[in-house]
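# The following comprises the amino acid sequence and a computationally predicted model.
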Amino acid sequence: MPRPLRLILLVYLALGLVYALATPPFEASDEVFHYPFVRNIALGKGLPVQKLDVHQPWEQVAFHPPAYHILSAALTFWIDTSDFDSLRAANPFARIGIPGAPQNVNYTRAAARAIVEPFVFHGSALAIYIIRLLSLFLGVCTVTLTYFFVSTLSPSSVESTSRRERGPGGEAILATCLLAFNPTFLFISASVNNDSLTWLTAVAALFVAVHLMRGPSQFIKREIGDLRLDIPTVGVLLGIAALAKVSALILTPIVGLALLAQAARTRNWQRFFVNGTIIVGLVALIAGWWYVRNLILYNELLALNIFGQFTAARLEPYTLATFFSEWPSFWLSFWGMFGSFNIMASGWVYSFFTALTFAGIVGGVWRLIRNRDAILKQGRWHWLTHGLLILFIAVTAVSLLRWNLLNYAAQGRLMFTALAPLMMYLAAGLLSWIPRRFAMRFVGALAGVLGFIALYVAVNDVAAAYLPPAPLAESQLPTTLRPINARLAPGAELIGYTLDSPDLTAPNNQLLITLYWRALSTMDKDYNLFLHILGQSRALVGSVDTWPGGGLRPTSFWKTGEIYQDSYVIQLDPDAATPSQLWLDLAMWETDPGYPIQITGPDSAPIPSVIVPVGRIDSPQSVAATPEKLVGTTLEGGITLIGFDLPESPITNQPITLSLYWQTSEPLPADYTVFIHLIDANGQQFAADGPPLNGDWPTSAWQPNRLVIDPHTLVFPAPGEYAIRVGLYDPATVIPLAAFRADGSEWPDRAIELMTVSVK
């Protein structure tokens, strides 16, 4: 084995183990479905049969061919997995398929157990880790064959005298590193997923196809078919592929085309028909029973239609605009999407891989242009070989696109069946920029960068997503803590909270809130928690329903006496009414959030609710409005009553709205109350006092030089003439603020007379 390949495999294995340990059991993509399939076989219950009207743990994975699952069951049948149901219990608030979800990334309770009991190697977790090792072994084989596959093509694929031509072997090393250190490839290869076997059979089939097309190489020094076991081995390989995943069926016609090319190149057509018959017979013998079973059970050879009924079927038409809108999801997941398609890598990682791909594509085009004379001298079998590989890539892409027409399946890893040739062409494009004498240094440096990125993502993005902050000591509580000291459930005390975002925000922004809990006693239930953000008129403008710890600390895992820091990102409604104070409404519940658990204080006395302030919300746009009637009166403290709106001809006992237009030139130190006095012809006064915007926007929240429109409801008790006088007072002293006319004279009694109205 070449020394560079040995080094790549060692690094790949080390990184793969990091990914396997960074991801809790059941949290890798589709692992929560693949393992129940394996377990059903391991328990001797046979292959699962999917039923549309029955919820079963394997869900759509039951339609996958079972080669990987049978192999996995053979390795784990001896393990006691009676803890399966408890470990796999679903997080009811999991944010599945939402890239960048700020909380509830965990699909199951297994992630919570991994926090309090890290690296538990018994029961279902042990079975999953053993199967992950199997997947890593399959990945080792895939990486190895990728090196030999690319080496078969690269040393003499394009000869050139250019100073910038690549160095011998660099293309194979770089292509292998691009595949082996791809974070998504590592993540899936370190999980329970039949993709590992599919990718191995794909690169093995392509390795065979290249030798059939081009003839003997430094790796296979004879025509495939010269030895008696050659063709049966190919047939077994393709049979395993057909029994690994439906998408691998394309490998059989690809190898068939390569067999046809071999017959044309060697002018031995008898070999083509005999070998083709043997291969087809072996594929049918190994995998045919599965597809016959599909016909019997589901009336379909591939069971794709019924498979689609278990996935997110696309309802709207798929258009070019749809393609472009979903392209980012495909592209990002090609390089790094983790968990249940909800954990992303750091942004700079995607920028790096995008730039790398762009450089490779441009370099590849430039290479073709620069070396066109040398390229044109290549023999037809060279062109046909690359044509076959490009055909395979294209068919894989078209198949994925067709599947995406029916389902939401814009996942980059679904192209990984063709990952080996894709990375080969990317490596060739990148190396076209590098002078020959520097090629191996470039390959070594880039391989190091790729390995570092893969490790960084595993630790900083994947592992960190499943690690809430460690328990705190009392002395570690922040000085900015706003105390609450309420018991939201038996054994769960909410000590307080901090607001970790700006006090003033805008619609469609996010609030960052951290809660601090104390476990008063052990709990045998996983209590649910809601965080409701209330805005103007106490309307709901944002919410999160969750288990504590953002889904990672269910209350049944709390330890008595420990203090937990619990952070949340809450998205505000883009249509939230402004301006307003924001309030956080907190409660725990068991089965229905409409009936929360009774909250109590430290003395066990009932508390109606826990509603606490969490800042203010206002539009980022300035208020553009002009009152119908101007006043231009100033009050002490820099406040101006610019004007007001009032409907004409009010009617007795019919509510109308008086809108006051306020503005302040400086921040206000107190929350003033608006007084509105209705004085009839007899001098009798009717008061309609109240805080601005019904308390939703107190004067201490007002921003300098920003208009505030303040509506108040008035009801006139009887017909007649009424003078309307308004002003502000401090509720602590009940002394009105002095008010001054435009000419500087003070209003009598510090009350601004707006107008006199006639009420019918």
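All right, it came through fine. Numbering: from 1, shown residues only.

# what about the strands in the stretch 401-550 of the chain?
Here the stretch 401-550 of the chain has its strands, by DSSP state E, counting those that start in this stretch, at 482-489, 492-499, 504-505, 510-519, 528-534, 540-546.

# other SSEs contacting the fifth one?
Under the contact criterion of 3 or more C-beta pairs under 8 Å, 6 or more residues apart in numbering; DSSP states H and E, the helices and strands touching strand 528-534 comprise strand 540-546, strand 563-571, strand 580-589. Heads up, the C-betas are built off the backbone N, CA and C, glycines and all.

# Can you classify residue 733 by secondary structure?
coil (DSSP: H, G, I helix; E, B strand; the rest coil).

# Show me the one of the strands of the stretch 401-550 of the chain that comes nearest residue 150.
strand 510-519 (45.2 Å; C-beta to C-beta).

# buried set for stretch 250-263?
By neighbour count on 16 or more other C-beta atoms under 10 Å, the buried set for stretch 250-263 is 250-252, 254-259, 261-263.

# Repeat that for stretch 85-93.
Applying 16+ other C-beta under 10 Å to stretch 85-93 flags 87-88, 91, 93 as buried.

# can you list those residues in a markdown table and add distance to residue 50 and pLDDT?
Shown next, in a markdown table, are the buried residues of stretch 85-93 (distance: C-beta to C-beta, whole Å; pLDDT from 0 to 100):
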| residue | distance to residue 50 | pLDDT |
| --- | --- | --- |
| 87 | 23 | 91 |
| 88 | 18 | 93 |
| 91 | 23 | 95 |
| 93 | 26 | 96 |
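
# from the residues you listed, which ones fall inside helices?
87-88 (DSSP state H).

# which one of the buried residues of stretch 85-93 sits closest to residue 515?
residue 93 (15.5 Å).

# Was I right to think that closest one contacts residue 543?
No - contact between residue 93 and residue 543 fails when scored by C-beta atoms under 8 Å: they sit 11.2 Å apart.

# all strands in the stretch 201-350 of the chain, in order from the N-terminus.
337-338, 343-344.

# could you redo those as CSV and give each row mean neighbour count, distance to residue 553 and mean pLDDT?
Below are those laid out as CSV (neighbours: other C-beta atoms under 10 Å; distance: least, C-beta to C-beta, whole Å; pLDDT from 0 to 100):
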stretch, mean neighbour count, distance to residue 553, mean pLDDT
strand 337-338, 29, 20, 96
strand 343-344, 22, 18, 96
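
# Output these as a markdown table; include the columns distance to residue 498.
Shown next, in a markdown table, are the strands of the stretch 201-350 of the chain (distance: least, C-beta to C-beta, whole Å):
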| stretch | distance to residue 498 |
| --- | --- |
| strand 337-338 | 29 |
| strand 343-344 | 25 |
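
# For residue 617, find the nearest of these.
strand 343-344 (27.5 Å).

# Identify the residues contacting the closest one?
99-101, 105, 332, 336-338, 461-462, 465 (C-beta atoms under 8 Å, 6 or more residues apart in numbering).

# residue with max distance from the center of the chain?
Distance from the C-alpha centroid of the chain peaks at residue 682, with 68.7 Å (C-alpha atoms, centre = their mean).

# Give the helix, strand or coil label for that residue.
Residue 682 - assigned by three-state DSSP - is coil.

# Do a quick rundown of the strands in the stretch 551-700 of the chain.
Going by DSSP E, counting those that start in this stretch, the stretch 551-700 of the chain shows strands at 563-571, 580-589, 599-600, 606-607, 610-617, 629-635, 639-645, 656-664, 673-680, 685-687.

# Direction included, what does the second one pair up with?
Taking DSSP bridges as the criterion, strand 580-589 sits next to strand 528-534 (antiparallel), strand 610-617 (antiparallel) in its sheet.

# okay, the angle between that strand and strand 482-489?
30 degrees (axes from the mean of the first three to the mean of the last three C-alpha atoms, to 10 degrees).

# sorry, back to before: could you dump the helices and strands packed on strand 528-534 into a markdown table and include distance to residue 654 and mean neighbour count?
Converted to a markdown table, the helices and strands packed on strand 528-534 look like this (distance: least, C-beta to C-beta, whole Å; neighbours: other C-beta atoms under 10 Å):
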| stretch | distance to residue 654 | mean neighbour count |
| --- | --- | --- |
| strand 540-546 | 31 | 19 |
| strand 563-571 | 40 | 19 |
| strand 580-589 | 27 | 21 |
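
# separation between the closest residue to residue 574 other than its chain neighbours and residue 328?
Taking C-beta to C-beta, 6 or more residues apart in numbering, and ignoring the residues beside it in sequence, residue 574 has residue 508 as its nearest neighbour in space, at 3.9 Å. Distance of residue 508 to residue 328, given as C-beta to C-beta, to the nearest Å: 20 Å.

# Next: residue 50.
Residue 50 is 32 Å from residue 328, by C-beta to C-beta.

# of the two, who's got more company?
For residue 50 versus residue 328, neighbours defined as other C-beta atoms under 10 Å are more numerous around residue 50 (19 against 12).

# phi, psi of residue 753?
Backbone torsions of residue 753, given as degrees, to the nearest 10, read phi -90, psi 120.

# The nearest residue to it once chain neighbours are set aside bridge partners, please.
Distance criterion C-beta to C-beta, 6+ apart; nearest residue to residue 753, sequence neighbours excluded, is residue 725 at 5.1 Å. Per DSSP bridges, the residues bridged to residue 725 are residue 677, residue 753.

# ok, residue 725 - contacts?
676-677, 679, 749, 751-754.

# from those residues, which has minimum pLDDT?
pLDDT across those is lowest for residue 749, at 91.

# Give me the secondary structure label for that one.
helix.

# separation between it and residue 716?
Counting by C-beta to C-beta - residue 749 and residue 716 are separated by 21 Å.

# tally of neighbours for the residue nearest to residue 620 when sequence neighbours are not counted?
Nearest non-adjacent residue to residue 620, counting by C-beta to C-beta, 6+ apart: residue 506, 4.7 Å away. Burial of residue 506 is recorded as 16 neighbouring residues (other C-beta under 10 Å).
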